[in-house]
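Visitor: Structure of the sequence below:
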Amino acid sequence: MQVSLCRQLQQGSRGSQAIRQAPTAPCGRSRSTPRPLVKAYLPTEPAAAARADDVNNAFKRLQNGSDVRGVALASKPGELVTLTPSAVYFIAAAFVDYLRSNGVNNVKVAVGADPRTSGPLLVPAVLTGMLSSGVDAIDVGLSTTPAMFYGIIAPGSDVNGSIMLTASHMPMQNNGMKFFTAEGGLGKADITAILDNAAHKCFAAGLGLGHPLQDTGFVLHQAVKTSATPGTWKLLEKYAGHLREQIIQGIKQPQHPDRPLQGLKIAVDAGNGSGGFFATQVLAPLGADISGSQFLEPDGTFPNHIPNPENKAAMAAAVDAVKRSGADLGIVFDTDVDRSAIVDGDGTPINSNRFIALMAAIVLQEHPGSTIVTDSVTSNGLTDFIQKRGGKHFRFKRGYRNVINKGIELNKENVDCELMMETSGHGAMRSNRYLDDGSHLALTAVVAYVKSKLASGGAGGFKELLADLKEPQEAAEYRINIKGVDFKSVGSKVLDSFHSWLEAGAGGASNWFLEPVNHEGWRVNVDEGSGKKGWLLLRQSLHDPLLVLNAESDTQGGVDGICKHMLGFLQSSQQAGQLDLSSLQQ
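Guide: The predicted model follows:
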């Protein structure tokens, strides 16, 4: 329970640690001048004894697939802070155990963070967790997720693990942790094991999470007991040099090889996340004019827009920057720079299917016949685009780790797969160690743009690369909430019923045809006549109590027709009472 000190002062509530106006000290001040009230929220009850089940569940709730994620700052009274200093302390210690158990000797871990306001509290707790475990820790300060992996593989580096504190595009009160070894990012099973061990360590210390004073006090106590201090490293500067060299070698500009971007105007929108360095430390030293860039300053309150290439406001802001400045192209990053998007010089946003198409066109020029792995919601036009260039489209599941892991699996099976990319902007390339890296995708696009211009004597550019990408006339996504706690079972039953309904004739829709191969949910192709095709996909969300319906159409009003027919099916299903169908009824 938390109680506003302001309310306590006004009401003098019993049963709480009421803090009243203190008497004025004898320093010549008038007693008639009251001290200002300070609004704060403190626990009113002592911390309860830790219970094993409660501690285990608290850590389990922090898992978000292959990441850790939680609330790090209370944004309103009574909001539960789940990613506490003690939580990250024990998770960091458990990561040390993970490295040792996997044969890593002389463990040295680098720790970086995006600019979230909770970072200055959590980073020292992470460093303390590792130093208390008897290993070396390096504080790299502001960083990006791709830079943290590079810190392990960089020439001369003796770092063998890294942690990035970030919650990607989530609200400012959230934070999280991503983990890397020399093999790349950790997977879901690894995170589960680390959190289980962290919970064991927490319970053994007699600590329960969630009591702010006891929680932070524990970490402070461990810090003063530890004589070791963390090292420092300007990793982002080193990473910027690595990216500059990739651009130089990729373009090989004959007239000015060390300034291959001379004469090019690029507007970067970092959304006040970690990506501003790409403009100032990568593009500008290579000759690019970055004067049209905006929101490069790190600010964890994200005052201008959410740093997210999927966000309409973020893309609109970047489009406006490109048009206003007359830039040749624009680049948009998410908070920790593992995702990106492009804006063409005329203001056309290149994200989602367009960005995958652009990267596919670039990759297939160098690797003809390669397989491109994407998530499940990509368009029919993208499939045609890839196939026209001699490539193969493998449409898989949502979740960037699913997409990347499928590409790794295919390469192990001797199926050439150079690009794995999700419509969210997450993407990895085989040539870049399968790292989910928005900065690498961005520089690959910049290199392709310059090379296209050089080869065509000033023409070329992205329009040439994307010339025959067919896009739908309409596209929409509907999120259908599932009521109750057993949402996974309900969602599974709906999908089973949907498949049976399709097999039985789709309620009389003779132009609906089930996609032959489905890896997630059920995708249906819709024959709209005159060579036009629509599609829909009903799938279950990876983490949330949702069914998600995506639909595209080549005809005006086609999506509405698809959704009305789907609404009829869902209303007649046995699980209709457990579904919130309001999104389809509007």
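Visitor: contacts and neighbour counts: CA atoms only from here.
Guide: Fine.
Visitor: Which elements pack onto the host helix or strand of residue 563?
Guide: Using DSSP states H and E, residue 563 sits in helix 558-572. If you count contacts as 3 or more Cα pairs under 8 Å, 6 or more residues apart in numbering; DSSP states H and E, helix 558-572 packs onto strand 474-482, strand 546-553, helix 582-585.
Visitor: okay, the angle between that helix and strand 546-553?
Guide: Angle, helix 558-572 to strand 546-553, by axes from the mean of the first three to the mean of the last three Cα atoms, to 10 degrees: 150 degrees.
Visitor: Show me what secondary structure element comes after helix 558-572.
Guide: Next helix or strand after helix 558-572 toward the C-terminus (DSSP H and E): strand 579-580.
Visitor: Torsion angles phi and psi at the closest residue in space to residue 359 that isn't next to it in sequence?
Guide: Nearest non-adjacent residue to residue 359, counting by Cα to Cα, 6 or more residues apart in numbering: residue 445, 7.2 Å away. When read as degrees, to the nearest 10, the backbone of residue 445 gives phi -70, psi -40.
Visitor: where does the closest residue to residue 478 other than its chain neighbours sit relative to residue 582, distance-wise?
Guide: Spatial nearest neighbour of residue 478, excluding adjacent residues (Cα to Cα, 6+ apart): residue 549 at 5.1 Å. In this view, residue 549 and residue 582 are 13 Å apart by Cα to Cα, to the nearest Å.
Visitor: Now the common contact residues for those two.
Guide: Both residue 549 and residue 582 are in contact with residue 480, where contact means Cα atoms under 8 Å, 6 or more residues apart in numbering.
Visitor: These two: which has the busier surroundings?
Guide: More crowded of residue 549 and residue 582, by other Cα atoms under 10 Å: residue 549, with 21 against 12.
Visitor: pLDDT weak spots in the chain?
Guide: 1-49 (pLDDT under 70).
Visitor: and the residue nearest the centre of it, what is it in contact with?
Guide: Nearest to the mean C-alpha position of the chain, counting by Cα atoms, centre = their mean, stands residue 168 at 4.1 Å. Applying Cα under 8 Å, 6+ apart, we find residue 168 in contact with 334-336.
Visitor: picking that back up, list the buried residues of the helix holding residue 563.
Guide: Neighbour counts over helix 558-572 (16 or more other Cα atoms under 10 Å) mark 558-560, 562-563, 566-567, 569-570 as buried.
Visitor: Quick check: residue 83 touching residue 175?
Guide: Yes. Counting by Cα atoms under 8 Å, residue 83 does reach residue 175; the two are 7.3 Å apart.
Visitor: Tell me which of the helices and strands packed on helix 558-572 sits nearest to residue 456.
Guide: strand 474-482 (33.9 Å; Cα to Cα).
Visitor: Only alpha carbons, please: show the next helix-or-strand element following the closest one as CSV.
Guide: Per DSSP H and E, the first helix or strand lying C-terminal to strand 474-482 is helix 487-503. The C-alpha trace of helix 487-503 is given here as CSV (Å, rounded to 0.1, in the frame of the first residue of the first chain):
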residue,chain,number,x,y,z
PHE,A,487,-7.1,-16.9,-23.1
LYS,A,488,-4.6,-19.2,-24.8
SER,A,489,-7.1,-22.1,-24.7
VAL,A,490,-9.9,-20.0,-26.0
GLY,A,491,-7.8,-18.6,-28.8
SER,A,492,-6.7,-22.1,-29.8
LYS,A,493,-10.3,-23.3,-30.0
VAL,A,494,-11.3,-20.3,-32.1
LEU,A,495,-8.5,-21.1,-34.6
ASP,A,496,-9.5,-24.8,-34.7
SER,A,497,-13.1,-23.8,-35.4
PHE,A,498,-12.0,-21.3,-38.1
HIS,A,499,-10.1,-24.0,-39.9
SER,A,500,-13.0,-26.4,-39.8
TRP,A,501,-15.3,-23.6,-41.0
LEU,A,502,-12.9,-22.9,-44.0
GLU,A,503,-12.8,-26.6,-44.8
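Visitor: tell me what helix 487-503 is packed against?
Guide: Partner elements for helix 487-503 (3+ Cα pairs under 8 Å, 6+ apart): strand 522-529, strand 532-540, strand 546-553.
Visitor: Taking helix 487-503 as reference, get the angle to the first one.
Guide: With the same axes, to 10 degrees defining the directions, strand 522-529 sits at 40 degrees from helix 487-503.
Visitor: Dump the C-alpha coordinates for strand 522-529 into PDB.
Guide: C-alpha atoms of strand 522-529 as PDB (Å, rounded to 0.1, in the frame of the first residue of the first chain):
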ATOM      1  CA  TRP A 522      -4.800 -19.600 -40.800                       C
ATOM      2  CA  ARG A 523      -4.200 -17.400 -43.900                       C
ATOM      3  CA  VAL A 524      -6.900 -17.200 -46.600                       C
ATOM      4  CA  ASN A 525      -6.500 -15.900 -50.100                       C
ATOM      5  CA  VAL A 526      -9.500 -14.100 -51.500                       C
ATOM      6  CA  ASP A 527     -10.200 -14.000 -55.300                       C
ATOM      7  CA  GLU A 528     -11.600 -10.500 -56.000                       C
ATOM      8  CA  GLY A 529     -12.000 -11.000 -59.700                       C
END
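Visitor: Overlap of the contact sets of residue 83 and residue 175?
Guide: Common neighbours of residue 83 and residue 175, using Cα under 8 Å, 6+ apart, are 69-72.
Visitor: and which of the residues you listed is nearest residue 412?
Guide: Using Cα to Cα, these come closest to residue 412 at residue 69, 31.0 Å.
Visitor: So the closest one versus residue 63, what's the distance?
Guide: 6 Å.
Visitor: Of those two, give the one with the bigger neighbour count.
Guide: Taking neighbours as other Cα under 10 Å, residue 69 and residue 63 compare with residue 69 leading, 23 against 19.
Visitor: Please identify which helix or strand holds the more buried one.
Guide: According to DSSP H and E, residue 69 maps onto strand 67-71.
Visitor: again, but for residue 428
Guide: Judged by DSSP H and E, residue 428 forms part of strand 427-429.
Visitor: Show me what counts as buried in that strand.
Guide: Applying 16+ other Cα under 10 Å to strand 427-429 flags 427-429 as buried.
Visitor: And for stretch 203-213?
Guide: 203, 207-212.
Visitor: what do you get for stretch 499-513?
Guide: Buried-residue list, stretch 499-513, by 16+ other Cα under 10 Å: 499, 502, 506, 512-513.
Visitor: Quick one: distance of it to the chain centre.
Guide: Averaging C-alpha positions (Cα atoms, centre = their mean, to the nearest Å) puts stretch 499-513 36 Å from its chain's average.
Visitor: What's the end-to-end length of that stretch?
Guide: End-to-end distance of stretch 499-513 (Cα to Cα): 11 Å.
Visitor: which residues touch that stretch?
Guide: Taking contacts as Cα under 8 Å, 6+ apart, the residues outside stretch 499-513 that touch it are 514, 522, 524-528, 569.
Visitor: distance of the closest residue to residue 583 other than its chain neighbours from residue 539?
Guide: Excluding its sequence neighbours, the residue lying closest to residue 583 (Cα to Cα, 6+ apart) is residue 478, at 6.1 Å. From residue 478 across to residue 539, the span is 11 Å (Cα to Cα).
Visitor: Kind regards, and thank you for your time.
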